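> Curious how this folds, go ahead:
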Amino acid sequence: MSDITIRNATLADAPRILEIYAYYVEHTVITFEYDVPSLAEFEDRMRAVMQKYPYLVIERDGRIEGYAYAHAFVGRAAYDWAAELTIYLDRDARRGGLGHAKAAQFPVSPVSPLYPADLEQTDSVVAFTDALNACETRPSRTLRLLVNSENSFKVSMARQIAAAFTAAGAATETVELPWEEYTAALTAGRFDLYYGEVRLTADWDVSSLLATGGSLNYGGWSDPQCDQLLEGCRSGGNREAAFRGLCRYLQSQAPILPICFKTVSTLYESDVLEGLTPTAAEPFYGLENISIHLRAN
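Presented below is the predicted three-dimensional model:
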């Protein structure tokens, strides 16, 4: 499995960042430039941005695969509280989720205080292969990984997963179907694995996915201990401890394998709001906990 890291960029990264950018200058019109800038000019641009705004790179297995930075929206005084965001990915790193998602090992957003980051385990192909070899029974046929063919990102990810499983010794093929056929196959249980996207509510209740008889529990997973843990998460009390117990249990059972959570943005003036944690289902989730600064510091 890949090791993904996001860090602050440095000028030492300029050659690789410029290499990524050059493709878009030479092969697209989105940069509005005719010629690739020199390394010296590009470094000057980076310096100018870094004086006021964040400049980040994303690495996969130690190699820079993309970068992002904020910069002045217009450059006039009235727009000092606004900024634009620019993201570029290496042309071979597109459709992999690097630009708009956060990796996750549990069905709770990584930005939520409920996410048990200390329980995360380093993904390892060797460990997966060893676990597969330790199984008393192994698949005697090729596994079917169901995916909606109308979403190119999901198809790309499903193919990568199938290739990884096959390389580890569990032969897997994708079954790519249009939406109506995809949902019919899910309902009928004509799959071994399926790749899907779920929009959870802001309280991270995953009962529909994991509870016995859940509306999205297409695999028919039924486990009394899991049901009890889910009820504990819903019943209030110490939710952090309850979610931790649920995540620890799911880690050993793995009825579902979360991959990532889409990042969600809410646009507001810089330094006005503090502590806002938007979710896909509720952009202003946790509004009662934020601080509002009405005067500039």
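
> Any idea what residue 176 is bridged to?
When bridges are called by DSSP bridges, residue 176 pairs up with residue 147.

> how close does it get to residue 191?
According to CB to CB, to the nearest Å, residue 176 stands 12 Å off from residue 191. Any C-beta I mention is one placed from the backbone N, CA and C, and that applies to glycine too.

> Kindly report the same for residue 23.
Distance from residue 23 to residue 191, by CB to CB: 37 Å.

> now residue 71
Distance of residue 71 to residue 191, given as CB to CB: 45 Å.

> Which one of the two is surrounded by more residues?
Counting neighbours by other CB atoms under 10 Å for residue 71 and for residue 191 shows that residue 191 has the greater number, 19 against 15.

> In this structure the more buried one contacts residue 144, no?
Yes - here residue 191 reaches residue 144: they are 5.3 Å apart, a contact under CB atoms under 8 Å.

> residues shared between the contacts of those two?
Residues touching both residue 191 and residue 144 (CB atoms under 8 Å, 6 or more residues apart in numbering) are residue 175.

> Which positions within the lengthiest strand in the chain qualify as buried?
Scanning the chain for the strand with the most residues, using DSSP state E, yields strand 63-72. Residues of strand 63-72 classed as buried: 64, 65, 66, 67, 68, 69, 70 (neighbour count, 16 or more other CB atoms under 10 Å).

> Find me the pLDDT at the first one, would you?
It refers to residue 64. On pLDDT, residue 64 comes in at 92.

> so who does it touch?
13, 16, 17, 20, 57, 58, 90.

> Equivalent analysis for the fourth one, please.
If you count contacts by CB under 8 Å, 6+ apart, residue 67 has them with 9, 13, 17, 20, 55, 56, 57, 58, 87, 88.

> on that earlier part again, what is the nearest of the contacts of residue 64 to residue 257?
residue 58 (21.8 Å; CB to CB).

> what sits up against whichever strand or helix holds the closest one?
According to DSSP states H and E, residue 58 maps onto strand 55-60. For strand 55-60, the surrounding residues in contact (CB under 8 Å, 6+ apart) are 2-9, 13, 17, 46, 49, 64-69, 93, 98.

> and the next element down the chain from the helix or strand containing residue 184?
Here residue 184 sits within helix 179-188, counting by DSSP H and E. Using DSSP H and E, the next helix or strand after helix 179-188 towards the C-terminus is strand 193-194.

> isn't there a strand covering residue 141?
No - using DSSP: H, G, I helix; E, B strand; the rest coil, the secondary structure at residue 141 is coil, not a strand.

> Could I get the full set of helices for the protein?
Listed in chain order, the helices of the chain (DSSP state H) span 14-27, 39-50, 125-134, 152-167, 179-188, 207-210, 224-234, 239-253.

> deepest of these, which one?
Looking across these with neighbours counted as mean count of other CB atoms under 10 Å, the highest average goes to helix 207-210: a mean of 19.

> What helices and strands are in contact with that helix?
Under the contact criterion of 3 or more CB pairs under 8 Å, 6 or more residues apart in numbering; DSSP states H and E, helix 207-210 touches helix 224-234.

> mind listing what residue 105 touches?
119, 120, 121, 251, 258.

> Just confirm the third one contacts residue 251, I think it does.
Yes - the pair residue 121 and residue 251 passes the contact test of CB under 8 Å, sitting 7.4 Å apart.

> residue ranges with poor pLDDT in the protein?
For the chain, applying pLDDT under 70 flags the ranges 1-3, 74-75, 81, 92-102, 123-125, 262-272, 276-286, 294-297.
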